[in-house]
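Student: predicted model, plus sequence, below.
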Amino acid sequence: MNRFLIISNRLPLNINIKDDEIEFTPSVGGLATGMMSVSQSFDSLWIGWSGIDQNQLTAKERKKINLELKNEACADVNLTPEEVELYYEGFSNKTIWPLFHYFSQYVEFKEEQWEAYKRVNQKFADVIAENMEGVDKIWIHDYHLLLLPQLIKERFPKVTIGFFLHIPFPSYELFRTLPWRKEIINGMLGADLLGFHTFDYERHFMSSVRRLLGYDINMNEINLPNRIVRVDNFPMGIDYEKFQNAALEAQKRSVRDKSEVRKELERYYLLYPDTKFIISIDRLDYTKGLINRLEAFEYFMEKYPEYRDKVVLVLLAVPSRIGVEQYQQMKSEVDEIVGRINGEFSSINRTPIWYFYRSMPFENLVDLYNYCDIALVTPVRDGMNLVAKEYIASKTDGRGVLILSEMAGASKEMSEALIINPNDIAQIAESIKTALEMPLDEQIERNTFLQKRLKRYNINKWALEFLNGMEKVKQSEQKFMGKKLTTAIQNKIIKELRNADSAVFFLDYDGTLTGFEDNPKHARPDDELYELLDGLADNPKNRIVLISGRDKDTFEEWFGKKPYTLIVEHGVWYREKGEPWEMIEQLDASWKDSIRSALEFYVDRTPGSFIEEKNYSLVWHYRKSDPELGPNRAIELKDELTSLVSNLNLEILEGNKVIEIKNRGINKGRAAQKLLNSAPADKIIAVGDDWTDEFLFAALPETAYTIKVGMSKTMATYKVENFWQVREMLKRIVTE
Ligand code: ADQ
């Protein structure tokens with residue numbers, strides 16, 4: 001594997017300068033902890049902000065820091081204090097963070113912050129550009145850098161870009177409130193692979209893509225005009241062995257070597273052996289549900305006085321984003337509630353809440369996880385929540401009870417925990433009681449399942465799956481590149497056409513020679529197109545066949561006087577230049593009444609959809625309906641029609657935002673073959689965009705040049721991105 005880049009807002013280490021000494025410490029937080037082990041296993045460079053303003057350093061300090069960073073395989077994106085304020089504390093943490101966590105009451109929409117966000121994303125792109133040597137993959141992380149994938153794609157179209165969002169992606173109803181919603185989605189779509197923790201976040205993202213940009217979505221692939229973006233969920237794991245081993249080590253330590261926290265807990269336990277410890281660990285953040293948790297604990301103490309002296313809540317809060325107002329407010333609120341509860345329920349020797357407002361070294365953290373009987377993890381929204389996983393991984397003897405919020409992504413994989421709704425104070429209190437009373441064998445049974453899963457799907461597996469996902473996207477892109485209709489292939493076609501005695505051009509119309517309109521009647525040919533087709537037809541060696549699903553009256557109106565052969569309704573009707581229309585095969589249309597009534601039912605229930613009636617087919621169009629309702633109704637409709645059409649010897653064709661019902665066995669391929677049987681040609685060129693054209697591609701001899709417009713799978717030998725490129729190619733054929 002070549003070198004790859006990891007990009008995140010913060011580098012995974014903090015730098016402190018004290019009395020000329022430079023000190024490096026690992027940073028706290030899910031992303032940093034998780035990705036650190038990944039970066040150490042690969043040849044990678046981590047690009048991000050180091051947390052200090054390099055402009056304030058002496059040249060000597062700067063040199064030393066950058067050298068140290070280089071040794072750690074890191075590179076700094078230098079941010080000014082103003083950028084930190086507007087981009088980091090501002091747009092990232094006062095707009096995106098609350099919005100994506102459903103705290104709309106905290107969201108700020110400030111142009112100045114948005115401008116800074118754009119500027120800093122660009123700054124990241126510039127530092128990346130300086131470090132691109134030998135790089136074939138870039139993995140970008142999180143909500144601070146939502147515009148970065150697009151900025152890099154524009155500059156380095158060949159590099160494979162992965163993007164992982166560590167926080168939830170909100171429902172469209174919330175996301176749409178963002179004034180810069182389209183820019184954000186477009187920014188993310190610069191990636192080749194987009195990863196989320198859960199299927200729900202993925203679903204919400206897809207829904208926003210569909211509604212805001214109208215792109216076609218095929219399972220988990222988004223069809224952009226010139227490439228495909230794959231979207232998937234990768235629930236992040238932890239370094240299971242690291243926690244398990246550290247916990248085992250902690251247990252083996254002699255009293256002297258034990259951490260202060262552990263000593264304190266054990267001392268207390270010796271004094272009061274009936275005590276149970278509940279651990280609560282998070283960054284001090286309003287999304288983590290600390291207030292609810294404390295209120296639930298208070299409610300529990302009130303409701304079950306028999307437990308008052310028997311339970312200790314070890315509350316650890318890491319200072320976080322102290323520059324943001326809501327975080328300061330929340331700190332005061334937590335201080336107040338803790339004071340109130342301790343004031344009310346403490347006895348002379350016993351205090352129910354032990355409150356620490358600080359970060360902890362890894363060993364102490366594991367000590368706590370390992371020692372405590374219950375973990376209380378109650379976020380009101382959380383992308384994943386690694387604390388829940390770390391707690392379970394640190395339970396060496398399988399004992400311990402995890403109480404987990406259903407609003408954390410982790411709850412999707414940890415159903416053996418006691419799952420609670422973080423807004424239901426009474427339910428949390430009941431769960432504390434259930435946890436305190438849970439028999440040991442039940443605890444072990446639940447945790448065995450959880451541990452097995454965490455061990456298997458650990459952080460390395462998570463990262464490898466994501467990287468494999470990127471590799472797969474790359475391979476399928478290469479496959480596409482192999483099919484691309486390059487200038488060299490176009491030259492070859494032109495040369496062969498020049499030497500040929502006769503040539504036939506099978507050209508589909510909508511999506512191939514022209515774009516789509518909401519109302520198909522509006523997609524009339526423009527002057528340029530007429531000129532182009534006339535130019536082709538002027539050469540007596542060429543035969544132009546327009547082959548379409550359109551009805552014959554429309555084509556008669558648009559092309560009736562032109563010297564082209566017309567095949568319409570997917571091969572029902574045929575018209576040689578200057579001749580009357582002929583039916584290629586005798587068909588019956590008496591089935592239409594029964595199908596029409598089924599379609600009318602769908603028109604009534606799907607605003608914006610309508611029926612188009614052709615001589616031998618009926619078409620239900622849903623291009624103008626709600627972008628999510630339309631495709632869903634189309635699935636229902638297909639399902640409903642399936643048995644009906646087979647009884648009537650009909651078939652369903654699914655085109656671009658249309659469902660068409662027509663007589664079985666009639667298709668463009670069969671029509672083209674008939675035409676070629678009666679008038680063979682030296683060279684055959686066929687161009688089409690949707691899957692009704694696949695019949696055509698499949699029916700033609702191997703020597704034909706078959707060209708697909710768009711990115712989806714095809715039988716065609718070559719692909720072009722859009723109808724403009726088809727016109728370019730035809731123009732070259734006419735002029736050269
Ligand atoms: P965070 O919001 O930071 O992460 P979380 O997943 O719980 O939340 O990770 C917190 C990390 O910080 C854990 O690894 C924990 O060990 C550590 N930590 C917590 N308190 C600490 C303390 N006092 N001292 C030292 N370390 C402490 C974001 C998203 C999450 C998502 C992660 C990973 O908000 O939803 O799970 O990224 O994608």
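Tutor: Done, it's in.

Student: return the distance of residue 669 relative to residue 653.
Tutor: 13 Å (C-beta to C-beta, to the nearest Å). In this view, the C-beta of every residue, glycine as well, is placed from N, C-alpha and C.

Student: right, I mislabeled it, should have said residue 150
Tutor: For residue 150 relative to residue 653 (C-beta to C-beta), the value is 35 Å.

Student: again with residue 204
Tutor: Distance from residue 204 to residue 653, counting by C-beta to C-beta: 32 Å.

Student: give me the neighbour count for the closest residue to the ligand within the stretch 601-736 of the chain.
Tutor: Closest to the ligand within the stretch 601-736 of the chain is residue 628: 26.7 Å, counting by C-beta to the nearest ligand atom. By the measure other C-beta atoms under 10 Å, the count of residues near residue 628 is 14.

Student: what does residue 19 give?
Tutor: The burial count for residue 19: 4, using other C-beta under 10 Å.

Student: one more: residue 361?
Tutor: If we define neighbours as other C-beta under 10 Å, then residue 361 has 12 of them.

Student: and if you look at the one 10 residues further on?
Tutor: Taking other C-beta under 10 Å as the neighbour definition, residue 371 ends up with a count of 20.

Student: how about it, nearest residue that isn't a chain neighbour?
Tutor: residue 265 (5.2 Å; C-beta to C-beta, 6 or more residues apart in numbering).

Student: OK, contacts around that neighbour?
Tutor: By C-beta atoms under 8 Å, 6 or more residues apart in numbering, residue 265 lies in contact with 277, 314, 367, 368, 371.

Student: distance of the last one from residue 432?
Tutor: Okay, so that is residue 371. Distance from residue 371 to residue 432, by C-beta to C-beta: 18 Å.

Student: same check on the second one?
Tutor: When distances are taken as C-beta to C-beta, residue 314 and residue 432 turn out to be 14 Å apart.

Student: which neighbours do those two share?
Tutor: Common neighbours of residue 314 and residue 432 (C-beta under 8 Å, 6+ apart) are residue 278.

Student: look at the two and report which has more neighbours.
Tutor: More neighbours surround residue 432 than the other of residue 314 and residue 432, with 28 against 20 (other C-beta under 10 Å).

Student: got the residues of the stretch 351-500 of the chain near the ligand?
Tutor: Selection of the stretch 351-500 of the chain residues close to the ligand by C-beta under 6 Å from any ligand atom yields 359, 360, 365, 382, 383, 384, 385, 386, 387, 390.

Student: dump those into TSV; add secondary structure and neighbour count as well.
Tutor: Output for these, formatted as TSV (DSSP: H, G, I helix; E, B strand; the rest coil; neighbours: other C-beta atoms under 10 Å):
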residue	secondary structure	neighbour count
359	coil	18
360	coil	17
365	helix	23
382	strand	30
383	coil	27
384	coil	27
385	coil	26
386	helix	23
387	helix	27
390	helix	23
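
Student: now, which of these sits nearest residue 515?
Tutor: Closest approach between those and residue 515, by C-beta to C-beta: residue 383, at 38.7 Å.

Student: so what's that closest one closest to, chain neighbours aside?
Tutor: Residue 383's closest residue in space is residue 167 (C-beta to C-beta, 6+ apart), at 4.2 Å.

Student: repeat for residue 447
Tutor: That would be residue 398: by C-beta to C-beta, 6+ apart, it lies 4.8 Å from residue 447.

Student: quick one: that neighbour and residue 449 touch, right?
Tutor: No: counting by C-beta atoms under 8 Å, residue 398 does not reach residue 449; the two are 10.4 Å apart.

Student: looking at these two, which one has more neighbours?
Tutor: In this view residue 398 and residue 449 are compared by other C-beta under 10 Å, and residue 398 has more residues nearby, 16 against 13.

Student: pLDDT score for that one?
Tutor: Residue 398 is assigned 95 on the pLDDT scale.

Student: which strands or helices does the longest helix seen in the chain pack on?
Tutor: Secondary structure of the chain per DSSP state H: the longest helix is helix 459-483. Packing contacts for helix 459-483, counted by 3 or more C-beta pairs under 8 Å, 6 or more residues apart in numbering; DSSP states H and E, involve helix 30-41, strand 135-141, strand 160-164, strand 193-196, strand 228-233, strand 718-720.

Student: give the other helices and strands that the following helix or strand past it contacts.
Tutor: Going down the chain from helix 459-483, the next helix or strand is helix 487-499, by DSSP states H and E. Judged by 3+ C-beta pairs under 8 Å, 6+ apart, the packing partners of helix 487-499 are strand 683-688, helix 723-735.

Student: at 10 Å instead, please
Tutor: Packed against helix 487-499, as judged by 3 or more C-beta pairs under 10 Å, 6 or more residues apart in numbering; DSSP states H and E, are the following elements: strand 503-507, strand 683-688, strand 705-709, strand 718-720, helix 723-735.

Student: and the residue of the stretch 101-250 of the chain found nearest the ligand, what pLDDT?
Tutor: Taking C-beta to the nearest ligand atom, the ligand has its nearest neighbour within the stretch 101-250 of the chain at residue 166, 3.4 Å off. pLDDT for residue 166: 96.
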